[in-house]
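Q: with the input below, show me the fold.
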Amino acid sequence: MLQLRENSNSCYHILFLPPDDRLLMRSLVKPTLLRTHNSSIRTTAISQYLQTPKNIGQRLSLLVLVVAPTLAPLPLHAALPQEIETALARAHLSAADISIVITPVGDKNASRLPSVVQVIDSKKAVNQLQPASSDEINTDANNSKQKLVQNKPSPKPLVNYQSALVTIEKQTIRQHDRQLHAYTDDPYTHQSLMSTPSLLPENVLNTANYSSHQNDNISANGADNNNSDNKKSDSETSIKISFSPLLNHQPDIARTPASTMKLVPSFIALDILGADFVWHTRVYHTGIIIGNTLLGDLIIQGSGDPKMTHERLQQLLYKVKAAGIRHIDGDIIVDSTIFNHVTKDPAAFDNAPLRPYNASPDGFLVNFSTIGIQSYPLDNAQAQLTYMPQLADYKLPRKINIRPSACGQARYSLAPQWQATQLTFDTSLPDNCGNHAFYVAYPDAKDFAARVIKAKWQALDNTLRGNVVAQETPYKNKKSISARGLAALPMSPLPIVSYPSLNLTQQIYDINHFSNNVMTEQVALSIGAYHKPRDETVNSTINKNVDKAINSQHSLYQFGKPATTSYPAALQTINEWWQTHLSTPPPHLTNGSGLCRDCTISAANLSELLTYAYAHPSFGAYVNSLGIAGVSGTILTHSERLPKSNAIGRAWIKTGTLNNVTSMAGYVKGLSGQDYVVVGLINNEQALNTYTARTVLDAMLDWTAQH
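A: Model (predicted):
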C-alpha cells in the first residue's frame, strides 16, 4: 500500500506499508537536495517526470510528490520552537550554538520505555489520583526510604499508554538530594562506591517493556499477552520506527559531547559483551602449600573489572583465606597486563588531580583509586578523621583542627597533599562540615592497589613475608637463591580462586546514572579485550572446567592469559562496530568517558545510536541506566530549573557538562504515548554559563514531552 502523508514540519513523505503493517517512511527529497536547494536540479527532476509517457493522473500524482516537498518548509532549516528560541536568548546563545535531533521511535501503543514516574507535591495529590492499592507514600526523614504506589491516571485528552504509573513525592526527592549533598562533597562518587539503593525500587527500574528478559507481547493497557501461541524471541521483535524527525537542527556538526559520550561505549559493550557479562578476577599461587602457609607467590590476575570496590576486594582475599592460605612466604603479585599503557596524568585535563573523576584506569583498579575521608567533630576544636580503605605503610592523619568556615569540596576544605609516605592537609577543617565524607583520588592506581591489598590481607589476620608488587607485565617464575626445598621448584601457577564481578547491566547503571568516568574507561577498554565472538556453549564448558580446576586444587592448570588491549586497540574496535552497524560516520573518540576536548560527535551520530539501541534486546538495561528527569541521576535538578516541565518523570537522559559544553541525550515519552529519541548538544567558544545553557535543553525535553 502506498500513502502520502504530511509530517509535523509540512514535509510530505511516502509511507510504505508492508504486509506485516510495519511502518517505513522515506523522504522523497534526497539529503543532498535538502542541503543544496539547487533549483536547477529540482527543475530537471520535475521535467523528467512530466515528460515520461504516463497518463494524466500519474503525471499529476508525480508532480505533487516531487513539488510538495520543495514548496513545504524543510525540516533541516525549520525555525526552532519558540520555547527553545526563548531559552537560547536568555542564555545569550544563538541557534548556531546548538544541534538538536528529535525523532519518534517505535509504536506508541507498545512503548519500550520504563513506567512513567509521576512526581507529586503532596499526599493530597495522591488521593486525587485514585490509587489502585491502599498503600501510601511514607517518607522517613532519617534514611530517605519510602514506599511507592502504582496508580491509574485520571482520564485526560491525551492517553498515557504506559502500563503502569509510579508515584513519588517531590519532597522525598528533594530531601534525599539535600541530605546527600550535605553529607558529602562528591555525591556521585559516594553513591557509586557505596552502591546506595535508588529511591525507586528495583522492580520499577526493571519495568522497561521488551527488555532483554521479557518478550514483546505487552498490550497497550499493560495486559500480558504472553502465551504459547504468540511468544516471540528477542531476535523476532518487530519494532515500528519512523525516520521522519520531529526536529532536525544542525544534525551533522561535530561537537564536543562531554559525558553524553558515555552512551557510546556503554551500549556497544551491551551489544558485544552482553548484559550479563562479568569480569573474572583470578588468583593463582606458585610453590606449594604446607598447612596454611604458601611457600611461594600469590598472583592476582586483573580482569579490568570496573567496580572492584574495597569491600569486594576484601571478599576476594577472604576467598583466598578460605581456600587454605593464611600465611604467604613470598610476594603478592598483581598482574594488570590486560590493559597496556593506559595510565594518564590525573592533572592533565583540568589540573584537578585529587578529583575522583580524573582517576586513571588500570587492569586491576581498586575503589576507583579513591579514598574516602570521614570527619567526626570532637569537643576540643578538633575533628577525628577515619579512612576507607586503609593504606598499608602509609601515614594518614587521625585528627585535624577546626576553623569557622563553610564546608566545601575536599580540595578547599582539607587541601590534601599526597606525600611520599604520608597524607598531609594544608588547612584546618571548616566547622560547618560536621559529619562529612570527602573523596580524594590517589595519584597512582597501581601503588594504591598494592597498599590496599596489603592492608586488607593483614586485616584478615593473615601474614605476608614479602611485598605486594603491582606490575603491568605477566608473572614469571622467580629463581631465588633464598628459596629452599620444594619451594625452589619452578612450577606453573595453580588456580585457587575465580571471583566474578557485578554484571555489565549493574556496572553501566553507575556509568550513566552517576556519570562515572573511570568506570566508563574500564568498560571501553574491556570492549577491546573481550570483543572476540565466543560460542556460548563452548564458553559455558570452559567456565565449568575452570571452576572444576579451581575447586579441585590438585592439577597443574594455567588459564590462558587475557587478551591485552590499549586505548588505540579498544577505540578501533568501537570504530569498527560503528561502521558495521550504523550508517553515520563514526564519532571521534580519544577516550570513552567524554572527559576530553578533542572528542567529537554529532547529534545525528547519537540519534542513530539511540534509535538502534531502542530495538535491541538489551534496551531495558540501557535505558534503565539513564537518569530520570526530575527524579534521579544527573538530570534530577531538571525539575528545579523547570518546575512545570512535562518531561518530569517521563524522560530518561544522560547529561554532559564541561566548560563551554552542555549536552543531553536519551529518550522521552510524549503525552500522546509516542516515544522519542532526543539529542541536544551546545558548544560555545565564548565564556558559557553551563547552568544557564542547561535550561535550553530543559526546554527541549519539555517541548518533546508535549507531543
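Q: which stretches of the stretch 251-400 of the chain have low pLDDT?
A: Applying pLDDT under 70 to the stretch 251-400 of the chain picks out no residues at all.
Q: any chance you could map the strands in it?
A: Shown for the stretch 251-400 of the chain, the strands assigned by DSSP state E, counting those that start in this stretch span residues 280-285, 288-290, 293-295, 298-301, 327-328, 332-335, 370-377, 382-388, 399-403.
Q: and residue 450, which of these is closest to it?
A: strand 332-335 (6.5 Å; CB to CB). In short, each C-beta sits where N, CA and C put it, glycine included.
Q: got a list of contacts for that closest one?
A: The contact list for strand 332-335 (CB atoms under 8 Å, 6 or more residues apart in numbering) reads 297-302, 363-364, 446, 449-450, 453-454, 457, 464, 466-471, 473-475.
Q: hmm, try it at 6 Å
A: Strand 332-335 is contacted from outside by 297, 298, 299, 300, 301, 364, 449, 468, 469, 470, 475, using CB atoms under 6 Å, 6 or more residues apart in numbering.
Q: one step back: so which of the strands of the stretch 251-400 of the chain gets nearest residue 688?
A: The nearest among the strands of the stretch 251-400 of the chain, by CB to CB, is strand 370-377 at 28.9 Å.
Q: how far off centre is the closest one?
A: What separates the centre of strand 370-377 from the centre of its chain is 27 Å, taken as CA atoms, centre = their mean, to the nearest Å.
Q: what strands line up against that strand, and which way round?
A: Here strand 370-377 is paired, per DSSP bridges, with strand 382-388 (antiparallel), strand 436-441 (antiparallel).
Q: buried sites along the first one?
A: Applying a neighbour-count criterion of 16 or more other CB atoms under 10 Å, one finds 382, 383, 385, 387, 388 buried in strand 382-388.
Q: tell me who's in contact with the first one.
A: Shown in contact with residue 382 (CB under 6 Å, 6+ apart): 399, 401.
Q: gap between it and residue 429?
A: Per CB to CB, to the nearest Å, residue 382 is found 9 Å from residue 429.
Q: then the fourth one?
A: From residue 387 across to residue 429, the span is 14 Å (CB to CB).
Q: what bridges to residue 387?
A: With DSSP bridges as the rule, residue 387 is bridged to residue 373.
Q: using CSV, list the CA coordinates for the helix or strand containing residue 179.
A: Element membership for residue 179, per DSSP states H and E: helix 170-183. The C-alpha coordinates for helix 170-183 follow below in CSV (Å, rounded to 0.1, in the frame of the first residue of the first chain):
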residue,chain,number,x,y,z
LYS,A,170,8.6,15.8,45.3
GLN,A,171,9.6,16.4,48.9
THR,A,172,11.0,12.9,49.1
ILE,A,173,13.3,13.5,46.1
ARG,A,174,14.4,16.9,47.4
GLN,A,175,15.0,15.7,51.0
HIS,A,176,17.1,12.8,49.7
ASP,A,177,19.1,15.1,47.5
ARG,A,178,19.7,17.7,50.2
GLN,A,179,20.8,15.0,52.7
LEU,A,180,23.2,13.6,50.2
HIS,A,181,24.8,16.9,49.3
ALA,A,182,25.0,17.9,53.0
TYR,A,183,26.8,14.6,53.8
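Q: give the buried residues for the following helix or strand past that helix.
A: Moving toward the C-terminus from helix 170-183, the next helix or strand (DSSP H and E) is helix 187-194. Judged by neighbour count (16+ other CB under 10 Å), helix 187-194 contains these buried residues: 187, 188, 189, 190, 191, 192, 193.
Q: again with stretch 669-682
A: Across stretch 669-682, burial judged by 16+ other CB under 10 Å covers 669-671, 673-682.
Q: just the closest of those to residue 274, please.
A: Among the buried residues of stretch 669-682, residue 677 lies closest to residue 274 (CB to CB), at 23.0 Å.
Q: tell me if that closest one really is in a helix.
A: No - counting by DSSP: H, G, I helix; E, B strand; the rest coil, residue 677 is not found in a helix; it is strand.
Q: residues in contact with it?
A: By CB under 6 Å, 6+ apart, the neighbours of residue 677 are 103, 105, 607, 610, 611.
Q: so can I have JSON lines of those residues showing neighbour count, pLDDT and distance to residue 93?
A: Converted to JSON lines, the contacts of residue 677 look like this (neighbours: other CB atoms under 10 Å; pLDDT from 0 to 100; distance: CB to CB, whole Å):
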{"residue": "103", "neighbour count": "24", "pLDDT": "96", "distance to residue 93": "23"}
{"residue": "105", "neighbour count": "25", "pLDDT": "95", "distance to residue 93": "28"}
{"residue": "607", "neighbour count": "24", "pLDDT": "97", "distance to residue 93": "21"}
{"residue": "610", "neighbour count": "25", "pLDDT": "98", "distance to residue 93": "24"}
{"residue": "611", "neighbour count": "21", "pLDDT": "97", "distance to residue 93": "27"}
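Q: quick check: the farthest pair among the residues you listed?
A: Taking every pair in the contacts of residue 677 and measuring CB to CB, the maximum separation is 9.6 Å, between 105 and 607.
Q: now do the contacts for residue 336.
A: With contact set as CB under 6 Å, 6+ apart, residue 336 has these partners: 302, 362, 363, 364, 472.
Q: so it versus residue 510, what's the distance?
A: Per CB to CB, residue 336 is found 21 Å from residue 510.
Q: go on, residue 620?
A: With CB to CB as the criterion, residue 620 and residue 510 are 17 Å apart.
Q: same deal with residue 657?
A: 18 Å.
Q: which one's more surrounded, those two?
A: Neighbour count, other CB atoms under 10 Å: between residue 657 and residue 510, residue 510 has more, with 21 against 18.
Q: need the contact list for the residue nearest the centre of the chain.
A: Centroid-nearest residue in the chain: residue 512, 2.4 Å away (criterion: CA atoms, centre = their mean). Contacts for residue 512 (CB under 6 Å, 6+ apart) come out as 262, 266, 625, 626, 654.
Q: out of those, which one sits closest to residue 250?
A: Nearest to residue 250 among the contacts of residue 512: residue 654, at 20.0 Å, using CB to CB.
Q: which SS class is that closest one?
A: Assigned with three-state DSSP, residue 654 falls in the strand class.
Q: I'd guessed it sits against residue 626; true?
A: Yes - Residue 654 is within contact range of residue 626, at 5.5 Å (criterion: CB atoms under 6 Å).
Q: next one: residue 355 from residue 701, what distance?
A: Per CB to CB, residue 355 is found 28 Å from residue 701.
Q: more crowded one of those two?
A: Using other CB under 10 Å, the more surrounded residue of residue 355 and residue 701 is residue 701, with 28 against 23.
Q: could you report the pLDDT at residue 27?
A: Per-residue pLDDT puts residue 27 at 36.
Q: could you do residue 8 as well?
A: Among the per-residue scores, residue 8 shows a pLDDT of 39.
Q: cool, residue 542 as well?
A: Predicted confidence (pLDDT) at residue 542: the value is 48.
Q: got the buried residues for the helix holding residue 179?
A: Buried residues in helix 170-183, counted by 16+ other CB under 10 Å: 170, 172, 173, 175, 176, 177.
Q: stretch 359-377 too?
A: With burial defined by 16+ other CB under 10 Å, the residues of stretch 359-377 counted as buried are 359-375, 377.
Q: just to revisit the earlier point, tabulate the strands paired with strand 370-377 (a markdown table), appending distance to residue 320.
A: As requested, the strands paired with strand 370-377 are exported to a markdown table (distance: least, CB to CB, whole Å):
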| stretch | distance to residue 320 |
| --- | --- |
| strand 382-388 | 21 |
| strand 436-441 | 27 |
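Q: of those, which is nearest residue 308?
A: Shortest distance between residue 308 and the strands paired with strand 370-377, using CB to CB, is found for strand 382-388: 14.6 Å.
Q: tell me the secondary structure for residue 510?
A: Secondary structure, three-state DSSP: residue 510 is helix.
Q: what sits closest to residue 696 if chain neighbours are left out?
A: Using CB to CB, 6 or more residues apart in numbering and skipping residues adjacent in sequence, the residue nearest residue 696 is residue 87, 4.2 Å away.
Q: work out for me the element the one you found sits within.
A: Assigned by DSSP H and E, residue 87 falls in helix 82-90.
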